[in-house]
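> take a look and give me a structure for this.
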Amino acid sequence: DKPQWLELARTKYVEYLTRIEFLNEYVATNHPQFTNGVDLFTSKPTCAIQWSSSKQVQLLFDKMEITVLERSKATGKMEKTVGAKALLANLKNEDKVRFMEWKWPDKIISKEDLTVSYLLVKKLQQLSTTFGADFMNYIHPITGRIHCNFRQYLNTTRLAATKPNMLAIPRDKEYRMCFIAPEGYQVWACDYSSQEVAMLAEIFNNQTLKDFFIRKGTDNSLDIHSNTATLMYRIIYENPDFVCDKKKHKTERQNAKILTFQIPYGASGKGVSSMLGTGVEEAEEFIKFYYKSYPGLEEAFIERRKLGMKQGWIQICHMTDKRYFFREFEAMNMLAEEARSYFPQGYYDKPQGFYKWPKDKRDAYQANQAKIKEQVYEQFPRAKQCWREWSILKGKWERRIINFSIQSPSATQSKMALLYMKQHRDTTGQSEDWWPVLLIHDEFEGYIKTELVESHINIPKELMLKGARFNVRSIPVFAEMEVGDHWIH
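Residues are numbered from 1 along each chain as shown. Below you'll find the model as predicted:
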């Protein structure tokens, strides 16, 4: 719906300009060193900061101690940043909610108010540019529709889209409503329920997780995050009768949801703490409780990482033996070899019977080892640099070992579903009756003839479930279907 999109773009751009002025007034009133002097027409100082310039914003945020430290992808060092992702992660939970719900402060009176306002302005900037009026240039002059380009095979087997990136369309209802079905058709939307958690259960053979999906097979109302919260907080509260209620225990469920999405992808206590709004030590305790809730999962992760670190590749589809090779594996091992070369021979080998030594003897040995390390680092600074670079690559690889083990087979099942859909439509003569138009990870969008909704709507869903069974064979898999006049999800 082009007119609706253009009106939405105009509204967002006006709001963007209004909010920029909101920030400008705050700076002009409270930080005179960041102004250009007095405006001739208003007789008021004007803000000198270009809010689209991260360098200029960082000068102000440095002064206010808002900037956060983030490891640079270019240098591997911790550096100050005003990047939206880092700033958002550093906010307290209540301020994250303000950002997610578009709650602007009436007046900026705190660092948190300024940070939330700045992040919302950045969000408006993206909506006014990437998804602004120029987005309509992607409409094909003949079909009147948008036809993006797909990159079929990323490292994880996932799809990517360009010109435009249809996978990044804002999830806000006002944007999705602009995508409508052709005349005589309706839009169907179907997505897998807990796709990656089900894959986690299957790939790492975790019986507790499997048991949940088996129970869900007879009671589809069961929710994985409530289940995780129940298991975790029975331990935390020392109450074996605790049951997480979705409405009553929102905090417990939200914490469980964060851990479910963060831990399988290698998040540390520090990373989890920023999401939970807790200290690092408390976040590490939550991680322990998560692993205790699913016995054997942590050990399975450790074994998978050990294997990947040993061989430099991992299997990312157990049905086809598809593999992912870590390109920097050799470089990582060479860094470790070089680092060790600066130390005395045998430094990294524990003496025979070390763990049977008395504690005072072990402590004395380790203190001497630390002294040797300090001397080596002082004499050969390159040794410390090698270990630092090795550690960065090791962390990168270990995160991918678990991440890709889950993401890749999940992507494969979605693509198998697409293949089954094409096969079914080609062999049944239904090519014009319904079809998929977009795949966003675990979510499918498509069109179906209005008069066939009642009789045909479950066909795409059943084929999605068939695609899921290509990789997930020991537990039930679920999908949810909706139909409407516009893009629903």
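> all helices of the stretch 301-450 of the chain, in order?
329-341, 359-379, 381-428 (DSSP state H, counting those that start in this stretch).
> dump these into CSV; add distance to residue 234, mean pLDDT and mean neighbour count as well.
All C-beta spots, glycine's among them, are computed from the backbone N, C-alpha and C. Output for the helices of the stretch 301-450 of the chain, formatted as CSV (distance: least, Cβ to Cβ, whole Å; pLDDT from 0 to 100; neighbours: other Cβ atoms under 10 Å):
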stretch, distance to residue 234, mean pLDDT, mean neighbour count
helix 329-341, 41, 97, 15
helix 359-379, 36, 95, 12
helix 381-428, 26, 94, 18
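> which stretch among those comes nearest residue 139?
helix 381-428 (24.3 Å; Cβ to Cβ).
> helices and strands around that closest one, which ones?
helix 195-203, helix 297-311, strand 313-317, strand 322-325, helix 329-341, helix 359-379, strand 434-440, helix 458-468 (3 or more Cβ pairs under 8 Å, 6 or more residues apart in numbering; DSSP states H and E).
> adding distance to residue 5, write the ones you listed out as TSV.
Formatted as TSV, these follow (distance: least, Cβ to Cβ, whole Å):
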stretch	distance to residue 5
helix 195-203	30
helix 297-311	44
strand 313-317	38
strand 322-325	39
helix 329-341	46
helix 359-379	59
strand 434-440	17
helix 458-468	26
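> and these: which comes nearest residue 271?
helix 297-311 (15.6 Å).
> which of the residues in that closest one are buried?
For helix 297-311, burial by neighbour count (16 or more other Cβ atoms under 10 Å) applies to 297, 300-301, 304-305, 308-309.
> residues contacting it, please?
With Cβ atoms under 8 Å, 6 or more residues apart in numbering as the test, helix 297-311 has contacts from 204-206, 208-209, 264, 291, 314, 326, 394, 397-398, 401-402, 405.
> quick check: angle from that helix to helix 329-341?
Angle between the axes of helix 297-311 and helix 329-341 is 90 degrees (criterion: axes from the mean of the first three to the mean of the last three Cα atoms, to 10 degrees).
> show the average pLDDT along helix 297-311.
Averaged across helix 297-311, the pLDDT comes to 96.
> closest one to residue 138 among the helices and strands packed on helix 381-428?
That would be strand 434-440 among the helices and strands packed on helix 381-428, by Cβ to Cβ, at 13.7 Å.
> packing partners of that closest one?
Using 3+ Cβ pairs under 8 Å, 6+ apart: strand 434-440 touches helix 381-428, strand 443-449, helix 458-468.
> any chance of those in JSON lines with distance to residue 135 as columns?
Below are the helices and strands packed on strand 434-440 laid out as JSON lines (distance: least, Cβ to Cβ, whole Å):
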{"stretch": "helix 381-428", "distance to residue 135": "25"}
{"stretch": "strand 443-449", "distance to residue 135": "17"}
{"stretch": "helix 458-468", "distance to residue 135": "27"}
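> relative to residue 1, which of these is closest?
Residue 1 lies closest to strand 443-449 among the helices and strands packed on strand 434-440, at 15.1 Å (Cβ to Cβ).
> just list the residues touching residue 196, thanks.
Residue 196 neighbours (Cβ under 8 Å, 6+ apart): 264, 406-407, 410, 442.
> can you rerun that using 10 Å?
By Cβ atoms under 10 Å, 6 or more residues apart in numbering, the contact set of residue 196 is 203, 260-261, 264-265, 403, 406-407, 409-411, 441-442.
> nearest to residue 417, of those?
For the contacts of residue 196, the minimum distance to residue 417 (Cβ to Cβ) is 9.9 Å, reached by residue 442.
> the closest one contacts residue 189, doesn't it?
No - taking contacts as Cβ atoms under 10 Å, residue 442 lies outside contact range of residue 189: 11.5 Å.
> returning to what we had before: now the buried residues of helix 297-311 in CSV, with distance to residue 285?
CSV is the format used below for those (distance: Cβ to Cβ, whole Å):
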residue, distance to residue 285
297, 17
300, 21
301, 18
304, 24
305, 22
308, 27
309, 27
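> shouldn't residue 483 be within a strand?
Yes - counting by DSSP: H, G, I helix; E, B strand; the rest coil, one finds residue 483 located in a strand.
> what about it, how many residues close to it?
For residue 483, the tally of surrounding residues (other Cβ atoms under 10 Å) stands at 16.
> can you show me the strands along the stretch 1-150 of the chain?
Assigned by DSSP state E, counting those that start in this stretch, the strands in the stretch 1-150 of the chain fall at 35-38, 45-47, 68-71, 78-81, 149-151.
> just the ones you listed: most buried one?
strand 45-47 (a mean of 17; mean count of other Cβ atoms under 10 Å).
> give me the contact list for it.
Contacts for strand 45-47 (Cβ under 10 Å, 6+ apart): 20-21, 23-29, 31-32, 34-39, 60.
> among these, name the buried ones.
20, 23-24, 26-28, 31, 34-35, 60.
> after the helix or strand harbouring residue 212, next one along is what?
Using DSSP states H and E, residue 212 maps to helix 207-216. Under the assignment DSSP H and E, the closest C-terminal helix or strand after helix 207-216 is helix 224-236.
> buried residues in the helix or strand just after that following helix, which are they?
Where DSSP H and E defines the elements, the next helix or strand beyond helix 224-236 is helix 250-262. Residues of helix 250-262 classed as buried by neighbour count (16+ other Cβ under 10 Å): 252-253, 255-260, 262.
> check which helices and strands helix 250-262 sits against.
Contact here means 3 or more Cβ pairs under 10 Å, 6 or more residues apart in numbering; DSSP states H and E; on that basis helix 250-262 packs against helix 93-100, helix 195-203, helix 224-236, helix 269-276, helix 280-293.
> quick one: average pLDDT of it?
On average, helix 250-262 scores 93.
> quick check: angle from it to helix 195-203?
60 degrees.
> for the closest residue to residue 386 other than its chain neighbours, what are its contacts?
The shortest distance from residue 386 to any non-neighbouring residue, by Cβ to Cβ, 6 or more residues apart in numbering, is to residue 339 (3.7 Å). By Cβ under 10 Å, 6+ apart, the contact set of residue 339 is 348, 376, 380, 382-390.
> follow-up on the earlier one: can you redo the buried ones among the contacts of strand 45-47 as TSV with distance to residue 478 and pLDDT?
Shown next, in TSV, are those (distance: Cβ to Cβ, whole Å; pLDDT from 0 to 100):
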residue	distance to residue 478	pLDDT
20	45	95
23	45	95
24	50	94
26	48	94
27	51	93
28	55	91
31	53	92
34	53	92
35	57	90
60	49	94
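> now, which of these sits nearest residue 280?
Nearest to residue 280 among the buried ones among the contacts of strand 45-47 is residue 60, at 27.8 Å by Cβ to Cβ.
> done for today, thanks.
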